[in-house]
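Asks: The following block contains a protein sequence and its predicted model.
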Amino acid sequence: MIGLLFACRWLRAVIALALCVSVPAFARDSDVAQKAKPNIVLLFADDAGYGDFGFQGSRTMHTPHLDRLAREGTRFSQAYVTDPTCGPSRAGLLTGRYQQRFGFEENNVPGYMSANSKLDGAEMGLPLAERTIADHLRARGYRTGLLGKWHQGDAARYHPLRRGFDEFYGFRGGSRSYWPYSDPLQPPPQNKMERGFGNYREHEGYLTDALAMEAVSFIRRNRERPFFLFVSFNAVHTPMEALPEDLAAFRTLSGVRRLAAAQMLALDRASGAILTELMASGLEGETLVVFANDNGGEVPHNGSVNYPLAGTKATFLEGGLRIPMLMRWPGRVATGRVYHQPVSLLDLLPTFLDAAGGDPSAIPGLDGTSLLPYLTGNKAGRPHRTLFWKRGARAAIRDDDWKLLRHSDRPAELFDLRRDVGEQRDLASRRPDILRMLFRKLFAWETKLERPLWMLRGEYDRSDIEWMDHYRTPSETWHGLDSIQTTDARAD
């Protein structure tokens, strides 16, 4: 408990100190502040609700540091993941390619696989032929670091240090406690905290704060050269565990919703500590910062709210696919702007490579595109006309503002997202022409994909459909959240 309190006080002291420190003159000089290769920091949340941030309109959550990031940069109102679950979404982000192209179609949760799966357990990982963001940036002289959740394979050959990262401090699996494990035999190896390769040692205090402290250390140690820092928080994923002082900030809430608010407060505090360190170190002006999330909020288990979207994590409704996303790059990306065109996490790899002076078009097979030309006014139009999602028989396609949902247990549905972002008015019977066109495009895309390397048991597909039906109506609150069990059955 002493270590826990120390960590929180340390973070608050860092933030307070940096706010009092004037930015060095060289950081204000536009001729010097813009490096040829900017630092790149990716702050990545886990299972956060689309509507659970102040900059997204929440009246419940306290996210002052991320709200400030939104004011200082560009907010994306239509940012999408490539899958509504953790593992596949990260695979698409890391490679800039639809993960179905290399068989990473299902979530890689050890022990929950069908008997027909080719792989299970530690063998379910990002195929070694795929190059990651870290691979590309390290080739351009970047120091690369990953902190927190990996979830791209537990076997040694999938380890972050073998996938382009120079430094790693986190856990290989998909979920773990926010508190240190006292019994060395209690957690499976993939859920233990690991520094580098094979050096297992639990953190002190609360994990969200510990990752922030490690990020501050990384920035200080690497400030003399361009770096890429991927801070992959496990907040606000289950288990629902929070600091007492964070819970005390939400006395009017109860149950899992109060825990969610406390976890979100810690996530914002940790993000603020990292942003503050960039400012105090004189690196703010030469650092591209992105905040994003891996999929929609998991309403049934972590009490998140995806309003005004329908659905939840693991569904192809907008609440499972659309995420909050921010980007700040002083002098390059507009401040206080809302960008309303659809973008994807596929775009982060080419955007980062473009910012680093590379040529994304020289990389074969990318599905993402650099966002910089669109954000700087050098290119008009949409980065993507068409986006795809697929898992087994279920799939979705967005083409312009039309969205088709293909189900495994009922006829397909068609929505006009420009007029119906909550997906409440099915237009399939009124626009069969649009329905046919989207089916053809979806099929043409599917013929270019690999068969899944592993598949979840059918019962999990059934539970996803049940979630879709239960959370089909957008809501700012969900009745019964206080009584929902907070154990995540899939632990991803």
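Replies: Looks like it arrived, so ask away. Treat the numbers as computed from the prediction; the structure is a model and nothing was measured.
Asks: mind listing what's buried in stretch 161-180?
Replies: The neighbour-count check on stretch 161-180 (16 or more other Cβ atoms under 10 Å) flags 161, 163-176, 178, 180 as buried. Every residue, glycine included, has its C-beta placed from N, CA and C.
Asks: Dump stretch 147-154 to PDB, restricted to CA.
Replies: Extracted C-alpha coordinates of stretch 147-154, given in PDB (Å, rounded to 0.1, in the frame of the first residue of the first chain):
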ATOM      1  CA  LEU A 147       4.800  -1.100 -22.400                       C
ATOM      2  CA  GLY A 148       1.800  -3.100 -21.200                       C
ATOM      3  CA  LYS A 149      -0.400  -5.500 -23.000                       C
ATOM      4  CA  TRP A 150       1.000  -7.500 -26.000                       C
ATOM      5  CA  HIS A 151      -1.600 -10.200 -26.900                       C
ATOM      6  CA  GLN A 152       0.100 -11.200 -30.100                       C
ATOM      7  CA  GLY A 153       1.300 -14.600 -29.100                       C
ATOM      8  CA  ASP A 154       2.800 -16.000 -25.900                       C
END
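Asks: In space, what's closest to residue 119 - neighbours in sequence excluded?
Replies: Sequence neighbours aside, residue 454 is the residue nearest to residue 119 in space, at 4.8 Å (criterion: Cβ to Cβ, 6 or more residues apart in numbering).
Asks: again with residue 311
Replies: residue 317 (2.7 Å).
Asks: Surely that neighbour and residue 472 touch.
Replies: Yes. With contact defined as Cβ atoms under 8 Å, residue 317 counts as touching residue 472 (7.4 Å).
Asks: okay but residue 256 is in contact with residue 300, surely?
Replies: No. Taking Cβ under 8 Å as the definition, residue 256 is not a contact partner of residue 300, at 9.7 Å.
Asks: Which helix in this protein has the most residues?
Replies: Counting by DSSP state H, the longest helix found in the chain is helix 255-280.
Asks: What is it packed up against?
Replies: Using 3 or more Cβ pairs under 8 Å, 6 or more residues apart in numbering; DSSP states H and E as the contact test, the elements touching helix 255-280 are helix 2-20, strand 39-45, helix 64-72, helix 207-221, helix 244-247, strand 287-293, helix 299-302.
Asks: before we move on, back to that, SS state for the residue nearest to residue 119?
Replies: Assigned with DSSP: H, G, I helix; E, B strand; the rest coil, residue 454 falls in the coil class.
Asks: Give me the below-cutoff pLDDT ranges for the stretch 201-350 of the chain.
Replies: For the stretch 201-350 of the chain, applying pLDDT under 70 flags no range at all.
Asks: Now do stretch 325-339: everything it contacts.
Replies: Applying Cβ atoms under 8 Å, 6 or more residues apart in numbering, the contact partners of stretch 325-339 are 30, 33-34, 38, 55, 66, 69-77, 79, 284-285, 287-293, 343, 355, 371-372, 374-376.
Asks: and if we set it to 7 Å?
Replies: Outside stretch 325-339, the residues that touch it by Cβ atoms under 7 Å, 6 or more residues apart in numbering are 30, 34, 38, 69-77, 79, 284-285, 288-292, 375-376.
Asks: next one: stretch 64-79
Replies: 53-55, 268, 271-272, 275, 289, 291-292, 322-323, 325-328, 333-343, 375.
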